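Undergrad: Below is the sequence, then the predicted model.
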Number of protein chains: 2
Amino acid sequence: MTAYSCRNDYLKDLEDRAALPAGFAVSTAALEFSPREIEGSARMNLTLIALDEPTPLFAAGFTTNRVAGAPVLIGRKRLAEPRLRGVLINNKVANVCAPGGREDAESLLAALAGLAGGRPEEYWAASTGVIGWRLPAEAMRAALPGLAAGLRKESALPAARAIMTTDSYPKLRGAELGGGRITGIVKGAGMIEPNMGTMLAFLLTDIAVDREALRRIWRECLEASFNSISVDGDQSTSDLALIMSSGRIPGVDAADFRAALLAVCRELAADIVRNGEGVGHVIRVVARGADAVLARGAAKAIVNSPLVKTAVWGNDPNVGRIVSAVGDFLSGAAAAAGTGAADLAVSLGGVEVFRSGSFRLDRDKEASLSRYLRDCAQDPAVKGYPQHDREVLIELDLGGKGGAVEVLGSDLSEQYVRENADYRS
Amino acid sequence: MTAYSCRNDYLKDLEDRAALPAGFAVSTAALEFSPREIEGSARMNLTLIALDEPTPLFAAGFTTNRVAGAPVLIGRKRLAEPRLRGVLINNKVANVCAPGGREDAESLLAALAGLAGGRPEEYWAASTGVIGWRLPAEAMRAALPGLAAGLRKESALPAARAIMTTDSYPKLRGAELGGGRITGIVKGAGMIEPNMGTMLAFLLTDIAVDREALRRIWRECLEASFNSISVDGDQSTSDLALIMSSGRIPGVDAADFRAALLAVCRELAADIVRNGEGVGHVIRVVARGADAVLARGAAKAIVNSPLVKTAVWGNDPNVGRIVSAVGDFLSGAAAAAGTGAADLAVSLGGVEVFRSGSFRLDRDKEASLSRYLRDCAQDPAVKGYPQHDREVLIELDLGGKGGAVEVLGSDLSEQYVRENADYRS
């Protein structure tokens, strides 16, 4: 397989888009600790995102995993609080089902409130890392005074770097509108990361949006961005996507804000998929001809099929696997009713490969599809990513009514297996 | 990773267990053809399993994939026929959604009936191989006279070999009871095969069981054997499991027959999982404390998680991934109601690692679990397989009522990716 060299454009532009919205500051700190569960030492980053003034304007989405980390359990309760003042983030330890984990997190937030002002209930926690390990609460507590004293208003980039685990580059996107700004950071590395237990996303804005409107808009944006990517079908115990507004910039139209926010979230979601070291191709599935839930499910079935993923990795246009993955999904989806092979149409790279119950394949088409998978690097819109820029387009029509939904996924490489087999060792 | 050498015991014993039940004969033939879809030539095996006399005693289970092969569509109709006389099996081409595929299959069965006797509707078809290619119907028709003339009553082993695709060894199991016999053959190679579109299983017996009783027993056996294994979560377009009885041996107790049949099916199902070249460990999950459907779903969620599979491949006792996979499954299962982390108990290799919402881990336990994954070859019951003999036991208690169900899966290796990326090229 071709190795794709790092393109520097993405990293060069990062600083330009990293400005914090008005009313926010961030701080980071690093610490060493000895895990109780293994021999040796480990390193953790702490990140604090804080508002100048507590705000009622915040919204969050969480993992739905029944085994949820302590920060998720705490956050779900914090949603009902009148105000939010900041969030304390750590990497390396996910704080999931560890003895005393919830008490550890609550006591760190109380200590933080003592240092940075406000009530403990105005602070959120977010953790990512190994599932099952205990937080090194004493070492973290010792780092809090420096963290609180180090708040800076210039750039979100230190925070985007500090929340990384095995991410291979910081992920940061921004937009400006109506004199205000949206800045988003995210961690989570498509192919190799969900095992550490997390996609964390933090969206900061100074644009004032009514609390209830913000919560509705946030739900819609999550569905069409972070909930429309899939790397290996595993949902972590700790996913959190939190938006906070300082409310400094009034008068922006809610529809304009929603569109800008969705664009930022979609860019961040794509960054996650593109991140994995093992990714050779991003797979973009555009599905239509059914209600959005069914269409999204069928699209996810394609990007989650190990057989589709390995074929794409090998530049093999094995369209039988694509159609089979859809058929298997439909057999388990009550809403699919009688939808069957006769209703499906599938294209790969814009070339029709299946329609009206039959494959549309011949030797020339097979050869040209192989070249497409090998060379599909040429869409200018996907250039400039650090790892690679190959993207495969699969279009699916389910034969009924309904507009297009998009899902991003990735291929499955030997490197994915290698990295995930060795991860904790 | 250690490479496990081929143990010869399994293959040495094959001939001993290959005897056909009374009333059956098999024949095989090979042919070369030029696929319309690619350059060059390909090789196909034909297999005929025939009864001396047509029988009303048969039952079948099929894939539920909405995109189903022509033989599946034909077989579903044949279930209502009063009698079955034989089945014509080919490998290399799955005959799924290929133009004219159903007509090709029907016309071959008609030609076979002309040669071997009986009506066309008394013959079944079964195909496995590349999805989307057309059957080489002319070349197959030309081979039918030789196939029909070559029927032999001695051994099922030639059929077990001829139905293989990328299987690395023939899979054949048998049992004797009440003066009669059950002989089963199956194809399907855990890790690398479902892409060719199929698990095919053929169970032959001379024990007389009432048609309706046979159909009920067959459903129950399928659920607890072939439907309780999972290699990569992809269900093919062509799965078929067919049982036929010549009815020569009356008077066997139905419960005894059911028990023997289930044992044979479970051995064949385990053979499928063990078969893959890329398999380093078989993963056996025993789940209890919920109704069978929920318990089986949770167990499959574990063996289908890429993160669990890669960790097991790497001998990493990453129990966080196991618990997370269960929690993720429960979040999507309506029947799970309020089941959460507090209800779960998980053991790995007999060692408790999670209970009452908390991990039970320390440095010594982690080290001993790593050794277990590396060395878990010592269960005498799993010795003697060609590829390897490592099996990992994961036990899950969901905290409610319900007896144990078992699911077999496999780890995920770099070799799986390599073989599936390159398969059609």
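TA: Thanks, I have the structure now.

Undergrad: C-alpha only now, for contacts and for neighbours.
TA: Fine.

Undergrad: What's the local residue count around A:Ala325?
TA: The tally of other residues near A:Ala325 (other CA atoms under 10 Å in any protein chain shown) stands at 30.

Undergrad: Moving C-terminal from the helix or strand encompassing it, which element do we reach first?
TA: Following DSSP states H and E, one finds A:Ala325 within helix A:319-332. Remark: after helix A:319-332, the chain's next helix or strand is strand A:345-348, criterion DSSP H and E.

Undergrad: Show me what the mean pLDDT comes to for that next one.
TA: Mean pLDDT, computed over strand A:345-348, is 96.

Undergrad: who's in contact with it?
TA: Applying CA atoms under 8 Å, 6 or more residues apart in numbering or on different chains, the contact partners of strand A:345-348 are A:323, A:352-356, A:369, A:392-399.

Undergrad: Just the buried subset of these, please.
TA: Buried positions within the contacts of strand A:345-348, assessed by neighbour count (16 or more other CA atoms under 10 Å in any protein chain shown), are A:323, A:352-355, A:369, A:392-399.

Undergrad: Inside helices: which ones of these?
TA: The helices, defined by DSSP state H, take in A:Val323, A:Leu369 from those.

Undergrad: which of the buried ones among the contacts of strand A:345-348 lies closest to B:Ala299?
TA: B:Ala299 has its nearest neighbour among the buried ones among the contacts of strand A:345-348 in A:Val323, at 26.6 Å by CA to CA.

Undergrad: filter the contacts of strand A:345-348 down to the ones close to chain B.
TA: A:Val323 (CA under 8 Å from any CA of the partner chain).

Undergrad: Of the contacts of strand A:345-348, which belong to strands?
TA: A:Glu352, A:Val353, A:Phe354, A:Arg355, A:Val392, A:Leu393, A:Ile394, A:Glu395, A:Leu396, A:Asp397 (DSSP state E).

Undergrad: so which two of the residues you listed are the farthest from each other?
TA: Maximum distance among those (CA to CA): 19.6 Å, for A:Arg355 and A:Val392.

Undergrad: returning to what we had before: now the buried ones among the contacts of strand A:345-348 as JSON lines including pLDDT?
TA: Below are those laid out as JSON lines (pLDDT from 0 to 100):
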{"residue": "A:Val323", "pLDDT": "92"}
{"residue": "A:Glu352", "pLDDT": "95"}
{"residue": "A:Val353", "pLDDT": "94"}
{"residue": "A:Phe354", "pLDDT": "95"}
{"residue": "A:Arg355", "pLDDT": "95"}
{"residue": "A:Leu369", "pLDDT": "90"}
{"residue": "A:Val392", "pLDDT": "90"}
{"residue": "A:Leu393", "pLDDT": "92"}
{"residue": "A:Ile394", "pLDDT": "96"}
{"residue": "A:Glu395", "pLDDT": "97"}
{"residue": "A:Leu396", "pLDDT": "97"}
{"residue": "A:Asp397", "pLDDT": "97"}
{"residue": "A:Leu398", "pLDDT": "97"}
{"residue": "A:Gly399", "pLDDT": "95"}
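
Undergrad: send the alpha carbons of the helix of greatest length in chain A over as PDB?
TA: Secondary structure of chain A per DSSP H: the longest helix is helix A:254-275. Only the C-alpha atoms of helix A:254-275 are listed here, as PDB (Å, rounded to 0.1, in the frame of the first residue of the first chain):
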ATOM      1  CA  ALA A 254     -30.600  31.300  15.300                       C
ATOM      2  CA  ALA A 255     -30.800  29.600  11.900                       C
ATOM      3  CA  ASP A 256     -27.500  31.200  10.900                       C
ATOM      4  CA  PHE A 257     -25.900  30.100  14.100                       C
ATOM      5  CA  ARG A 258     -27.200  26.500  13.700                       C
ATOM      6  CA  ALA A 259     -25.800  26.300  10.100                       C
ATOM      7  CA  ALA A 260     -22.400  27.600  11.200                       C
ATOM      8  CA  LEU A 261     -22.300  25.200  14.200                       C
ATOM      9  CA  LEU A 262     -23.300  22.300  12.100                       C
ATOM     10  CA  ALA A 263     -20.500  23.000   9.600                       C
ATOM     11  CA  VAL A 264     -17.900  23.200  12.400                       C
ATOM     12  CA  CYS A 265     -19.200  20.000  14.000                       C
ATOM     13  CA  ARG A 266     -19.100  18.200  10.600                       C
ATOM     14  CA  GLU A 267     -15.500  19.300  10.000                       C
ATOM     15  CA  LEU A 268     -14.500  18.000  13.500                       C
ATOM     16  CA  ALA A 269     -16.300  14.700  12.900                       C
ATOM     17  CA  ALA A 270     -14.500  14.300   9.600                       C
ATOM     18  CA  ASP A 271     -11.200  15.100  11.300                       C
ATOM     19  CA  ILE A 272     -11.800  12.200  13.700                       C
ATOM     20  CA  VAL A 273     -12.300   9.700  10.900                       C
ATOM     21  CA  ARG A 274      -9.300  10.900   9.000                       C
ATOM     22  CA  ASN A 275      -7.100  10.800  12.000                       C
END
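
Undergrad: A:Ala68 against A:Thr237, yeah?
TA: Yes: A:Ala68 lies in contact with A:Thr237 (CA atoms under 8 Å); the separation is 4.5 Å.

Undergrad: residues bridging contact with those two, i.e. touching both?
TA: Joint contacts of A:Ala68 and A:Thr237 (CA under 8 Å, 6+ apart) are A:Val96, B:Gly327.

Undergrad: quick revisit: can you list the buried residues in the helix holding A:Ala325?
TA: A:319-331.

Undergrad: other SSEs contacting that helix?
TA: Counting contacts by 3 or more CA pairs under 8 Å, 6 or more residues apart in numbering or on different chains; DSSP states H and E, helix A:319-332 packs against helix A:292-304, helix A:306-313.

Undergrad: Mean pLDDT for those helices - can I get that in CSV?
TA: Formatted as CSV, the helices and strands packed on helix A:319-332 follow (pLDDT from 0 to 100):
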stretch, mean pLDDT
helix A:292-304, 91
helix A:306-313, 85
